[in-house]
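Novice: my questions concern the predicted model and sequence given below.
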Amino acid sequence: MEFSLLKKIKYMVFGLLLTAGIFLISFRVSAGELKFHALYVGSGDCLILESNGHYMLVDSGYDVTTKSVLDYLKNLNIPENKIDYAVATHPDADHVGGFSAIFDQYEIGEVIYSPCTKSSVAFTNFISSVKNHHLSYRTPIEGETWKLGDASVQVIYDGYQGTTYNECSIVLKATCDGKSVLLMADLPTVTANSLMKQGYNFRANVLKVGHHGAASSTSEEFLNAVNPSHAVISASEQPNVEPAFPRDSVLKKLAAKFIKTYRTVDGNICISIKNGVISTKNKEHNDFVSITKGTVTLSNNVMYATGKKLKPAVTLTVNGAIIPANQYKAKYSSNTYAGTATVKVTGNGKKYIGSLQKTFMILPARETLKTTLKKPAQVTLSWKTQKNISGYTIVYTTDKLFRKDLKYINIKKQSTTSKTLKNLSYDTTYYFKIRAYRSNLGFGQWSKKKSVKTSNPYPLQKQIKKIIQEERSVIIKWKPSDSDLAKGYVIQYSGGKKFSKKTTKKITIKKHSVNQAVISKLKTGKKYYYRIRGYNKYGNGQWSKVVTFRLKKNFI
């Protein structure tokens with residue numbers, strides 16, 4: 001019993017889910033489809049909106065292009081040859097010239113035309129044809145909407161605020177499944193901007209560009225307000241015809257915003273809106289390409305400062321294709337010293353427009369290190385300062401390969417250009433390197449290594465420079481030493497060459513700055529041997545070379 005009840009519940013749940021699924025599918029189907037056709041009629045406009053067997057004709061092109069329009073309508077297989085609405089956006093011949101022939105072959109539900117009239121042959125024929133076929137006709141009411149199959153059509157602007165034919169253009173918006181098509185006729189920018197200030201909503205997904213892409217028709221502010229993903233331009237682009245539409249200025253604006261652009265000069269256009277998706281088999285056509293979403297690749301993303309401007313080579317790729325270097329310019333900034341540099345790539349405007357930036361890193365320059373040994377165990381390092389750095393790092397060791405016993409010194413001032421290392425080991429070879437760094441950026445390259453061998457701490461070997469006789473005395477002269485190298489001096493003199501203890505005497509001088517000594521009570525006519533050495537707290541230096549001197553007997 002319980003099993004049977006559980007089974008029934010399962011079947012009920014399954015049935016409800018199935019019903020819900022069928023309902024959702026039905027709802028999706030009911031969303032319908034809207035097709036927007038833009039026919040090539042030279043420099044004129046002829047547009048068709050189609051949805052679920054219902055049709056609306058917006059403008060008809062010139063009378064001389066009527067045959068191609070009728071051929072296109074015939075291929076649509078319009079049920080009972082009935083067109084629900086025919087709209088003449090304004091009275092110019094390139095918009096109303098072909099209506100008469102169409103009215104001859106199709107049943108028209110209602111004709112809607114601009115409140116602005118024109119005393120021209122084309123407009124007169126249009127009005128006469130409406131009356132001769134006893135068609136229902138009227139001017140539009142701003143804000144009104146009507147159904148067209150699964151779509152709805154709204155009059156965004158009825159033309160009553162205009163003072164010229166183009167300013168009186170009717171603007172329509174057709175919406176289906178959340179997506180919309182905006183038909184701007186020949187409305188100029190001045191009027192569109194005025195309407196936007198009044199709060200008119202022009203936002204749409206597909207834009208029929210106003211006035212065939214004339215420079216006066218599509219401002220950047222207007223495109224921002226519409227924010228379309230697709231744009232259609234009706235124009236002939238006939239050679240040697242002025243003005244030639246569309247204008248480059250309009251194409252550049254469309255390209256800059258990555259709006260997919262289609263042009264009737266390439267043939268008839270059909271854009272479909274179905275299930276919220278916009279699609280078309282037509283190929284895009286814009287003479288300009290924005291590089292804003294392109295990719296800039298540099299030959300080096302990290303470089304080292306040299307004191308000269310750094311300009312890594314640029315490769316620009318747009319839509320997977322490498323762009324020739326003559327199609328853009330690269331401008332570098334902040335590219336001399338350590339820091340983050342920028343290269344701005346700008347299209348030359350002939351085909352590629354817009355700009356984009358790429359940053360690259362410049363690390364500190366490689367320093368040149370100098371070393372000076374001023375004292376036996378003291379080395380002074382010096383280098384040149386550089387801009388835009390935080391400081392320097394010194395590394396030194398007794399290992400020639402810098403693999404062990406490394407010692408580091410960090411200097412945190414850019415202006416520092418020297419460092420003295422004291423209390424090093426005596427009679428030892430040291431190896432030094434330095435590199436600059438910038439905080440939050442990185443280090444420069446290590447300098448070439450420099451080596452210095454510290455000296456022995458004992459006094460350097462001295463030499464007797466001169467001996468001068470004064471009667472039974474002599475004056476011995478030498479060059480004095482630095483205070484760290486000698487505290488004083490010891491002079492020995494002997495009558496024998498071997499300086500034996502019995503024959504040797506000495507004089508001790510306790511000032512390093514003294515450079516001579518007097519030895520008295522010497523025997524005339526006798527040869528003496530002299531030598532000198534320095535001493536300090538570490539011990540004695542080496543003896544100088546022995547100098548001999550014989551005192552003259554008859555000294556005057």
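Specialist: Sure thing, it's come through.
Novice: what is the mean pLDDT for stretch 364-382?
Specialist: The average pLDDT within stretch 364-382 is 94.
Novice: ends of that stretch, what's the gap?
Specialist: Start-to-end span of stretch 364-382 (CA to CA, to the nearest Å) is 17 Å.
Novice: one more: stretch 371-388?
Specialist: Start-to-end span of stretch 371-388 (CA to CA) is 25 Å.
Novice: quick one: low-confidence residue ranges for the stretch 451-556 of the chain.
Specialist: Counting by pLDDT under 70, the stretch 451-556 of the chain shows low-confidence ranges at 484, 556.
Novice: the strands in it, which residues?
Specialist: Along the stretch 451-556 of the chain, the segments classed as strands by DSSP state E, counting those that start in this stretch run 464-470, 473-478, 488-494, 504-509, 516-519, 527-536, 539-540, 547-550.
Novice: how far off centre is the second one?
Specialist: I take that to be strand 473-478. Centroid displacement of strand 473-478 relative to its chain, using CA atoms, centre = their mean, to the nearest Å, is 80 Å.
Novice: try the longest one
Specialist: With CA atoms, centre = their mean as the basis, strand 527-536 stands 77 Å off its chain's centre.
Novice: which elements pack onto that strand?
Specialist: strand 464-470, strand 473-478, strand 488-494, strand 547-550 (3 or more CB pairs under 8 Å, 6 or more residues apart in numbering; DSSP states H and E). Glycine gets a C-beta too; all of them are placed from N, C-alpha and C.
Novice: rewinding a little: as CSV, the strands of the stretch 451-556 of the chain with mean neighbour count and distance to S455 would be great.
Specialist: As requested, these are exported to CSV (neighbours: other CB atoms under 10 Å; distance: least, CB to CB, whole Å):
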stretch, mean neighbour count, distance to S455
strand 464-470, 14, 22
strand 473-478, 17, 20
strand 488-494, 19, 19
strand 504-509, 14, 23
strand 516-519, 15, 26
strand 527-536, 20, 13
strand 539-540, 12, 14
strand 547-550, 14, 26
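Novice: please produce CSV containing the helices and strands packed on strand 527-536, extended by distance to T66.
Specialist: CSV is the format used below for the helices and strands packed on strand 527-536 (distance: least, CB to CB, whole Å):
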stretch, distance to T66
strand 464-470, 122
strand 473-478, 122
strand 488-494, 124
strand 547-550, 129
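Novice: and those strands: which comes nearest I156?
Specialist: Nearest to I156, of all the helices and strands packed on strand 527-536, is strand 488-494, at 108.3 Å by CB to CB.
Novice: only alpha carbons, please: show that closest one as CSV.
Specialist: Coordinates of each C-alpha in strand 488-494 appear next as CSV, following Å, rounded to 0.1, in the frame of the first residue of the first chain:
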residue,chain,number,x,y,z
GLY,A,488,108.7,55.9,15.4
TYR,A,489,112.1,54.8,14.1
VAL,A,490,115.2,52.8,15.2
ILE,A,491,118.5,53.7,13.6
GLN,A,492,121.5,51.3,14.0
TYR,A,493,125.1,52.1,13.1
SER,A,494,128.1,49.9,13.4
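Novice: and the angle for it with strand 504-509?
Specialist: Counting by axes from the mean of the first three to the mean of the last three CA atoms, to 10 degrees, strand 488-494 lies at 160 degrees to strand 504-509.
Novice: what pairs with strand 488-494, parallel or antiparallel?
Specialist: Applying DSSP bridges, strand 488-494 is found paired with strand 504-509 (antiparallel), strand 527-536 (antiparallel).
Novice: rebuild the strands of the stretch 451-556 of the chain as a markdown table, extending it with distance to S415.
Specialist: Converted to a markdown table, the strands of the stretch 451-556 of the chain look like this (distance: least, CB to CB, whole Å):
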| stretch | distance to S415 |
| --- | --- |
| strand 464-470 | 44 |
| strand 473-478 | 43 |
| strand 488-494 | 42 |
| strand 504-509 | 45 |
| strand 516-519 | 46 |
| strand 527-536 | 37 |
| strand 539-540 | 42 |
| strand 547-550 | 52 |
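Novice: which one of those lies nearest to A231?
Specialist: strand 527-536 (92.7 Å).
Novice: quick one: that closest one to strand 473-478, angle?
Specialist: 40 degrees.
Novice: need the helices for the protein, in chain order.
Specialist: Ranges of helices in the chain, per DSSP state H, are 2-30, 66-75, 93-96, 99-105, 121-132, 189-197, 220-226, 248-256.
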